[in-house]
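Trainee: structure for this input, please:
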Amino acid sequence: INVVSMNTAKELTALLEEQDRHAQKFLVSGDTTYLSLFMDAAVRLTRQTDSMAAMQIDRDQRDLLVQLHGVHERLVMVVSSGPGLLESGSDARWRISAPIDTMRAITRTLMHRNEELIAARLSAAEEVAQQAGEFAVVLTFGAIIIGDEIMSGKRQDKHLAQIIATLGERGLDLAWCQYL
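Mentor: Numbering: from 1, shown residues only. Reported below is the predicted structural model:
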């Protein structure tokens, strides 16, 4: 889940940059095409945050996503105010850049948190693998086959092949065999 979350957080960053670009172009030009592009990116960003929140097990990350969602909604309201935003001049850039900077910080925190969780889970998996390896060393199978006829060559051994086949069906190996 955290690898998927990491990829989703990267996608959020790209969408955020796209939204910022469209909002800035809208501010400079007043062209509503940029407003439409901003709103399209806003819908995609909302979907991403919702899907990411749905898959989060970590409460801190879920809280960050809720915070991101709230800041994003305020940004959309500011940008979609359209003409009123354009009339406010340099204040408009601040009203857009402040929430975008906050969203960038939240997204960076999400990615950092995911990196930490991935590292912790990899460490735990390595520990389990090491313990399993230590356990596997303890679980070795051997066979002792007793028979005078086999040793003298009067009979051919069929037991060894049967033991190997039976262990193999269970995913196990024969580590040693001794004839007595």
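
Trainee: counting by contacts, list what the lengthiest helix in the chain packs against.
Mentor: Longest helix in the chain by number of residues, with DSSP state H as the criterion: helix 90-138. Helix 90-138 is packed against helix 2-29, helix 59-80, helix 83-87, with contacts defined by 3 or more Cβ pairs under 8 Å, 6 or more residues apart in numbering; DSSP states H and E. The way it works is simple: take the backbone N, C-alpha and C, and place the C-beta from them, glycine included.

Trainee: and of those helices, who's closest to I145?
Mentor: Distances from I145 to each of the helices and strands packed on helix 90-138 were compared using Cβ to Cβ; the shortest belongs to helix 2-29, at 49.6 Å.

Trainee: in the closest one, what's buried?
Mentor: Residues of helix 2-29 classed as buried by neighbour count (16 or more other Cβ atoms under 10 Å): 2, 5-6, 8-9, 11-13, 15-16, 18-20, 22-27.

Trainee: same question, stretch 165-180
Mentor: Of the residues in stretch 165-180, those with enough neighbours to count as buried (16+ other Cβ under 10 Å) are L174.

Trainee: ok, and what's touching it?
Mentor: Among residues not part of stretch 165-180, those counted as contacts by Cβ atoms under 8 Å, 6 or more residues apart in numbering are 140-147, 150-151, 157, 160, 163-164.

Trainee: would you turn the residues you listed into JSON lines with distance to E73?
Mentor: Compiled in JSON lines, the contacts of stretch 165-180 are given as follows (distance: Cβ to Cβ, whole Å):
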{"residue": "T140", "distance to E73": "62"}
{"residue": "F141", "distance to E73": "63"}
{"residue": "G142", "distance to E73": "68"}
{"residue": "A143", "distance to E73": "70"}
{"residue": "I144", "distance to E73": "74"}
{"residue": "I145", "distance to E73": "76"}
{"residue": "I146", "distance to E73": "80"}
{"residue": "G147", "distance to E73": "82"}
{"residue": "I150", "distance to E73": "81"}
{"residue": "M151", "distance to E73": "85"}
{"residue": "D157", "distance to E73": "77"}
{"residue": "L160", "distance to E73": "72"}
{"residue": "I163", "distance to E73": "68"}
{"residue": "I164", "distance to E73": "66"}
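
Trainee: what about the protein, any weak spots by pLDDT?
Mentor: Low-confidence segments of the chain (pLDDT under 70): 1-6, 56-57, 82-92, 133-139, 148-153.

Trainee: that older thread, let's have the helices and strands packed on helix 90-138 in a markdown table, adding distance to A42.
Mentor: Listed next are those as a markdown table, based on distance: least, Cβ to Cβ, whole Å:
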| stretch | distance to A42 |
| --- | --- |
| helix 2-29 | 6 |
| helix 59-80 | 5 |
| helix 83-87 | 14 |
